[in-house]
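> mind folding the following:
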Amino acid sequence: MIRRGSLIAALAAAFGSACAQQEAPPGGPEDRRPPVVVRTTPEAFTTVTDLDLEIRFDFDERISERVPGGTLDDAITVSPRRGDVRVRHERASLTVEVRGGLEPDQVYRVTLQPVVSDLFSNRMTDAFELVFSTGAEPVPTTVAGEVWGRVDGAPLRDGYVQAVGEDSLVHQARTGEDGIFALRYLPAGRFTLTAFEDVNRNRELDSMEVQGSTSVDVAAGDTLLVDVPVLAPDSTAALLLRAAALDSVVITLEFDDFLEPNAPSGAVSVSIRLPEGEAPAVERVLHEHEYAEWVEEVTDSLARLDSMDAEAAAERRAEASRSAASDTAGVGDTATAFDTTGVGIDTVVAEPAMPPEPPDTVFVASPARARVGAPMGASPGPQAAGAPARRKTPPALDVLSGTSPGPTPDGRRLLPGRRIVVILATPLDFDVGYEVEASGVVNVNGMPGGGGVDTLLVASPPPDTLPADSAAAVDTGLVPVPRAAPRPRDAGSPR
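Now for the predicted structure:
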């Protein structure tokens, strides 16, 4: 009979012995060096004839059988791929079995992802690639690039990239943390390149996984750089969700899907209707990034005009001050003239000096006119006494949650938004229900036929907050044209 205490002690000893295989060896200096591959089977760039050969990676130390975020099977990529891959862990090595064997007359790339670690949790820092042949001559070709999200511009991490040629063999590569991939030693030919996020980890492209494709032609010795944007599949057109007014002549149309930013905005049709009477006509339709660029250009233009006005006003004040200073002896003064006897003869009243005529400025309409103004309900800012009136700048767009439309910070890519901006020829009226209809919208997946109808009602703001908006604002299509310099005064003109 085994006593209870002895049984517990025996179980504890057995459990400790089983766990000891995964513990770091005690004693000695702390190991900070990751495991290193010191030998492979077959050796690199050799030709093998045994198509049932097992591939082996030997390390310089014991390795853990635990892999972060997956299994050992996920740590190995065999290209071209024929069957499933099974990885067997040993004390200081990994053995790879390709189900169904290898294909003859191919160049194989077997990539070990940087997920293997030693017993001190020191993990490989870089992937290890083994290249060998089953009969074909290795030709140094490379197809590399970045896989990135079409909506947010973020790199696709730990994704798959497949290159399928005319022989239907699937050549594979994985993306790193930065979304970068590289397919090397591809044979010459035309390939369909497909990148995808392997959500279910079956190493195959499934219909609902984030994906993107392109085609490449590879010649012997080529090095090709190819970026692959990826998207979630979508077979429905963009639907109009709501219309909103930014200003009396600027409205936005928001859709339930991201829109293709490179599609011609002029192909989008927008109409505004009233049950009775004439509604404002549409002057321009812009994507979000186009509107942001237009606002920046207009704001810069108006700032230059305001600066010119301020300089002209300052010059007029300075000229008036100089004129007043030169006339201090007689401006507005009354003096009596005396003859030699001291008897007053006459009284002379000096006329006040007239300021010079300022340079005149006229405005002419540029080919693309559009009114803009302050957002409805906004209060006009304080105005300095004597300062020229500030022109109203176009209202800025707020950024919808989950979107980042426009160029990326490096300027390499253009990200989509979910709105288009409509500029009207005449202002909207308050408390009037307008029917807004859009058609011809293309979503970011290239699906045409988007659009819809919504009702737009602009409520009257409280009377004390109603500003002069677009109806009273300067046309942003107006540009200053200097007319003429002031005429010089005659020497004999009265001052």
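
> and the end-to-end length of stretch 159-173?
9 Å (CA to CA, to the nearest Å).

> in stretch 71-79, what counts as buried?
For stretch 71-79, a neighbour-count test (16 or more other CB atoms under 10 Å) marks Leu72, Asp74, Ala75, Ile76, Thr77, Val78, Ser79 as buried. Yep, even glycine has a C-beta here, placed from its N, CA and C like the rest.

> output the below-cut-off pLDDT ranges for the stretch 201-350 of the chain.
327-350 (pLDDT under 70).

> ranges for the helices of it?
288-326 (DSSP state H, counting those that start in this stretch).

> list the contacts of Ile180.
Ala144, Gly145, Glu146, Pro155 (CB atoms under 8 Å, 6 or more residues apart in numbering).

> helices or strands up against the host helix or strand of the first one?
For Ala144, the enclosing helix or strand under DSSP states H and E is strand 142-149. Counting contacts by 3 or more CB pairs under 8 Å, 6 or more residues apart in numbering; DSSP states H and E, strand 142-149 packs against strand 180-184, strand 189-196, strand 211-218, strand 223-225, strand 228-230.

> touching, Leu224 and Val218? I think so.
Yes: counting by CB atoms under 8 Å, Leu224 touches Val218, with 6.8 Å between them.

> among those two, which residue is more densely surrounded?
Set Leu224 next to Val218 and count neighbours by other CB atoms under 10 Å: Val218 wins out with 21 against 17.

> distance-wise, check the closest residue in space to Asp84 that isn't next to it in sequence relative to Glu146.
Nearest non-adjacent residue to Asp84, counting by CB to CB, 6 or more residues apart in numbering: Arg99, 4.5 Å away. As judged by CB to CB, to the nearest Å, Arg99 and Glu146 stand 32 Å apart.

> again with Pro155
Distance from Pro155 to Glu146, by CB to CB: 6 Å.

> what do you get for Glu97?
Taking CB to CB, one finds Glu97 at 32 Å from Glu146.

> adding distance to Glu254, write the helices and strands packed on strand 142-149 out as a markdown table.
Formatted as a markdown table, those follow (distance: least, CB to CB, whole Å):
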| stretch | distance to Glu254 |
| --- | --- |
| strand 180-184 | 35 |
| strand 189-196 | 30 |
| strand 211-218 | 25 |
| strand 223-225 | 36 |
| strand 228-230 | 23 |
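
> surely Val170 and Pro80 touch.
Yes: using CB under 8 Å, Val170 is in contact with Pro80, at 5.9 Å.

> the more surrounded of these two?
Pro80 (22 against 17).

> for that one, what are its contacts?
Counting by CB under 8 Å, 6+ apart, Pro80 has contacts Glu103, Gln106, Tyr108, Leu169, Val170, His171, Gln172.

> okay if I get the residues you listed as a markdown table plus pLDDT?
Formatted as a markdown table, the contacts of Pro80 follow (pLDDT from 0 to 100):
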| residue | pLDDT |
| --- | --- |
| Glu103 | 94 |
| Gln106 | 96 |
| Tyr108 | 97 |
| Leu169 | 93 |
| Val170 | 94 |
| His171 | 96 |
| Gln172 | 95 |
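
> please pick the buried ones from those.
The buried subset of the contacts of Pro80 (16+ other CB under 10 Å) comprises Glu103, Gln106, Tyr108, Val170, His171, Gln172.

> a markdown table for those, including secondary structure?
Output for the buried ones among the contacts of Pro80, formatted as a markdown table (DSSP: H, G, I helix; E, B strand; the rest coil):
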| residue | secondary structure |
| --- | --- |
| Glu103 | coil |
| Gln106 | coil |
| Tyr108 | strand |
| Val170 | strand |
| His171 | strand |
| Gln172 | strand |
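
> so which of those is the closest to Lys392?
Using CB to CB, Gln172 comes nearest to Lys392 of the buried ones among the contacts of Pro80, at 57.5 Å.

> gap between the nearest residue to the closest one once chain neighbours are set aside and Val110?
Excluding its sequence neighbours, the residue lying closest to Gln172 (CB to CB, 6+ apart) is Ser79, at 4.4 Å. Going from Ser79 to Val110 by CB to CB gives 8 Å.

> what do you get for Glu319?
Applying CB to CB to Glu319 and Val110 gives a distance of 84 Å.

> so between those two, which is more surrounded?
Between Glu319 and Val110, counting by other CB under 10 Å, Val110 is the more crowded of the two (20 against 14).

> for that one, which non-adjacent residue is closest in space?
Leu130 (4.5 Å).

> where's the one you found, which helix or strand?
Per DSSP H and E: strand 128-133 holds Leu130.

> who touches that strand?
37, 40, 42-48, 55, 57, 106-112, 114, 138, 184-185.

> who's in contact with Asp58?
Asp58 neighbours (CB under 8 Å, 6+ apart): Val37, Val38, Arg39, Thr40, Thr41, Ala92, Ser93.

> show me what counts as buried in the helix or strand where the second one lies.
In this assignment (DSSP H and E), Val38 forms part of strand 37-41. By neighbour count, with 16+ other CB under 10 Å as the criterion, the buried positions of strand 37-41 are Val37, Thr40, Thr41.

> do stretch 144-157 as well
Ala144, Gly145, Glu146, Val147, Trp148, Gly149, Arg150, Val151, Gly153, Leu156.

> coming back round to it: list the contacts for the residue nearest to Gln172?
Here Ser79 is in contact with Tyr108, Arg109, Val110, Thr111, Val170, His171, Gln172, Ala173, Leu183 (CB under 8 Å, 6+ apart).

> do Val110 as well
Val110 neighbours (CB under 8 Å, 6+ apart): Ile55, Ile76, Thr77, Val78, Ser79, Val96, Glu129, Leu130, Val131, Phe132.

> is the fifth one in a bridge, and if so with what?
In other words, Ser79. Arg109 (DSSP bridges).

> on the three-state scheme, Leu428 is what?
coil.

> so it touches Tyr434, yeah?
Yes: counting by CB under 8 Å, Tyr434 is a contact partner of Leu428 at 6.8 Å.

> once you drop chain neighbours, what's closest to Thr299?
Thr299 sits nearest to Thr393 (CB to CB, 6+ apart), 4.8 Å away.

> closest one of the buried residues of strand 37-41 to Leu241?
For these, the nearest to Leu241 is Val37 (54.4 Å; CB to CB).

> partner residues bridging the closest one?
Phe59.

> need the overlap of contacts for Leu224 and Val218.
The contact lists of Leu224 and Val218 share Val143, where a contact means CB under 8 Å, 6+ apart.
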